[in-house]
Structure formats: C-alpha cells, structure tokens
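Peer 1: Following is a predicted model, sequence given first.
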Protein chains: 2
Amino acid sequence: MNKPIASAQPSRGPSDHEVRAQIVDAATEYFTRYGYEKTTVSDLAKEIGFSKAYIYKFFDSKQAIGEVICANRLAAIVEAVSGAVSDAHSATEKFRRMFKALLASGSALFFQDRKLYDIAAVAAGSPWPSVAGYEEQIRKLLSDIVLLGRETGEFERKTPLDETVNAIFLVMKPYFSPLLLQYNLDAADEATAQLASLVLRSLAP
Amino acid sequence: MNKPIASAQPSRGPSDHEVRAQIVDAATEYFTRYGYEKTTVSDLAKEIGFSKAYIYKFFDSKQAIGEVICANRLAAIVEAVSGAVSDAHSATEKFRRMFKALLASGSALFFQDRKLYDIAAVAAGSPWPSVAGYEEQIRKLLSDIVLLGRETGEFERKTPLDETVNAIFLVMKPYFSPLLLQYNLDAADEATAQLASLVLRSLAP
C-alpha cells in the first residue's frame, strides 16, 4: 500500500485506516469533554471539520464510534491486567494481582475519565460486542491462572474447571464491569482483598 | 388506650398508628400502580381523601412514607429467608437455602411488583436507613449460619469470623441488593448455585 498523503480533501489523501483513527481520536476527546449521550455525529463532524456524510462513510452510527473507543479502553485495561499478572511467581499471586489490577484500572477510568467511563457503562448495559470481548479476555486470563494453579498443585482439581472459572468470574464481576463498579466503589480495595482471599480458600487443594 | 372511633374527621377518631397504617397502605397501592418517583404527596392526599397537611402530621416527606413501605417489603424478604433456613439440618444446607431464598424473594419483587422494586432500588442507592437495617439482618443471618457450621465442624475456623462473614456477604450482595439485582438477573439461578458452591468450598475445614 502506498503511503497516504495528508490532504485538505479527506476523501482522497489518507488511508481509510488513518481517517478512522482520526475520527476515533477526535471523538474520544469530544466525548471525554462533553459526554457520549449528549454528543451527535453532527457535533463531531463540526469539531473535526468533516461533513457528517463523510463520517458515515467510515462509521454506521455514533455507537459504532463509541464501540471502538470502548474497545480501545477495555483493551488497555486487559493489557494492564496482563502486565500485572505476568511477572508474578505463583498462580496464587497472579490471581491476587489480577483482581487488584482490574479494580485499579476500572477505578482509574471511573475517577479520571468519568465521561468515558459512562460510555463503558452504556456499553456494558446494552451490552456491546466490545464488552463481550472484554469479558471473554478476562475469563481467559482467569482460566489460565486456575489451570496453572492446578498444574503446580496450588489449587484443587476436583471441581470442573468451567464451574470454578465461572464462579470466580462472577465473584469478580461487580469490580470489573463498568456497569456495576460504580455501585461498588466504597471500600472496594478491602472488599476485593477479602474476596480474593475467599476465592483462594475455595481453591485450596 | 380507648378503642378509636372511625370518623369522617380524621384528626379526631382513629389512633395515630391506624392513620399511619392507612396512609402506608394507600401509598403502597398508589406507588405500585403509578411508581414512586412520579407520585407527589398531593397525589396521595387526593387519593386517600386526606388533606396534604394532615398527611404531613404523620410523615415528614414522601420519602418517609417510602421508607416504611420499603422497610415492610424488606422485612418480608428477611422473614421468607429466615423461614427457608430454619428447618434445614446442617449449616451447609442453611447457607444454600439462604442464598436461594434471597434471590427468589428479590426476583419476585422485581418481576411482580416492579414499581415497588423501584422504590427499593432508590432506597438502596441513597441508601435509606431501612436498607441498612435489611443488610444488617442478612449479615446476622449469615453470621449465625457460619457460627453454627464452625460449631458442628462443617466449616473451617482459622479465618477471622468477621472477615469470613463480610466476604460471603459481598459475594451475595449482587443478588440481594435491589440496586444490583436488576443487572444480575440473567442466569441468576445458576450463578447463585455456583457461587454458593464456591463459598462452601472456601468454608471447608
């Protein structure tokens, strides 16, 4: 593919990929300032200097843009959590770190980018595909940790793996779902530490 | 106390207690039909045939009436749960029944009396004293079951009792808090069964 040339006529120059990224960047900034619910595609178009029709060439709807923003943000959370888990030495420690990092990332989004958090909450309420993908990744991370702990002998092996993973997923959900986290922020550090200990007791061989 | 005489002039005849009950009954019916948020004390007064000022002699605000309705409803849930637990033979079985009965009562409120459920959700969000009382009663029921299981040898005794009870309380909360239950109704029967099993594994001696 040729390197696209930046141009005042956006229908020519830059690649589709670049235009999409430009729209998503501008929308992220705009939503962060004014909120997702109140913003229209017209507002966005005006802000970026594109026509509304041009934006619709790349995204079917405002939600489609919100989806990408949401997916980006949730991917960043998964990356942070994976990073926190990776250099822990035991499955036990990985599990504690996973729960802690999930809460930390979610809280950061809530307290620092409240308006983006609101997109995530809308997304989790509907739910959007980006949220389903996020939940799948968390389930996978968790499943890997449980499997590791079963291999190292840290965790029991009698309970069917699916049931173990699903039940722990449900214990953690109020602290990683943007829709639920807002109701569970009180004393969430202590709550998640106690819940992690309960889960680890339930995993004892 | 003399038996109060029913009267067309409500400021004389019936006892305060009876008038309060009459207002609460009428308000329960009214809120069930039209919702709590949209109803005013004037609407209620008109419905009952009292003056607004007369209602204010008994209740400081609409919320004060809502508080009593909410407390009544939550007390009925606690009673149902206590009943379900009482004739179980082991602490293990009591715990499973408690979790199941909490979900059943909460779901019934949600699906049958949706508008009363909405009062409870408002109450849990604020939170109102009736909800704090409800949560304390659930914590007490739970604590009694854990203590029993520790005495019979069904449950481990190493973890501090407070921590055990609080962590289990947190696991159950998404299924007994009216504010959270609405987001957790999908597959809630299976979810609570799996969570109960996880909790029981965590309690193993």
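Peer 2: Received it, and whenever you're ready, just let me know what you need. Numbers count the residues shown, from 1 in each chain, chains lettered A, B, ... in the order given.
Peer 1: Name the residues of chain A found near chain B, please.
Peer 2: Proximity of chain A to chain B is assessed by Cβ under 8 Å from any Cβ of the partner chain, with A:125, A:156, A:159, A:163-164, A:166-168, A:170-171, A:173-174, A:177, A:179-180, A:183, A:191, A:194-195, A:197-199, A:201-204 identified as the residues in range. Quick note: C-beta positions are derived from backbone N, CA and C, even for glycine.
Peer 1: Could I have the buried ones of those as ChimeraX selection syntax?
Peer 2: Taking 16 or more other Cβ atoms under 10 Å in any protein chain shown as the burial criterion, the selection of buried members of the residues of chain A next to chain B in ChimeraX is written as:
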select /A:159,164,166,167,168,170,171,173,174,177,179,180,183,191,194,195,197,198,199,201,202,203
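Peer 1: What about A:A120, how many residues nearby?
Peer 2: The criterion is other Cβ atoms under 10 Å in any protein chain shown. On that basis, A:A120 has 28 neighbouring residues.
Peer 1: what distance separates the worst-scoring helix or strand of chain A on mean pLDDT from the middle of the whole chain?
Peer 2: Least confident helix or strand, chain A: helix A:114-125 with a mean of 79, by mean pLDDT, DSSP states H and E. Average the C-alpha atoms of helix A:114-125, do the same for its chain, and the two points are 10 Å apart (Cα atoms, centre = their mean, to the nearest Å).
Peer 1: Give me the contacts around the host helix or strand of A:A64.
Peer 2: Using DSSP states H and E, A:A64 sits in helix A:62-86. The list of residues contacting helix A:62-86 from outside it, by Cβ atoms under 8 Å, 6 or more residues apart in numbering or on different chains, reads A:20, A:23-24, A:27-28, A:31, A:36, A:39-41, A:44, A:59, A:94, A:97-98, A:100-102, A:104-106, A:109, A:113, A:116, A:119-120, A:122-123, A:128-131, A:133-134, A:137-138, A:141, A:145, A:176.
Peer 1: Mind checking which of the residues you listed land in helices?
Peer 2: For the contacts of helix A:62-86, membership in helices holds for A:20, A:23-24, A:27-28, A:31, A:41, A:44, A:94, A:97-98, A:100-102, A:104-106, A:109, A:116, A:119-120, A:122-123, A:129-131, A:133-134, A:137-138, A:141, A:145, A:176, with DSSP state H as the criterion.
Peer 1: List only buried entries from those.
Peer 2: In the ones in helices among the contacts of helix A:62-86, burial by neighbour count holds for A:20, A:23-24, A:27-28, A:31, A:41, A:44, A:94, A:97-98, A:100-102, A:104-106, A:109, A:116, A:119-120, A:122-123, A:130-131, A:134, A:137-138, A:141, A:145, A:176, counting by 16+ other Cβ under 10 Å.
Peer 1: can I see the domain layout of chain A?
Peer 2: Domain assignment of chain A by automatic domain parsing yields the ranges A:16-59, A:65-203.
Peer 1: Tell me how far the longest one lies from the chain's centre.
Peer 2: On the basis of Cα atoms, centre = their mean, domain A:65-203 is displaced by 10 Å from the centre of the chain it belongs to.
Peer 1: what residue lies at the spatial centre of chain A?
Peer 2: With distances taken as Cα atoms, centre = their mean, chain A has A:L74 as the residue nearest its mean C-alpha position (1.7 Å).
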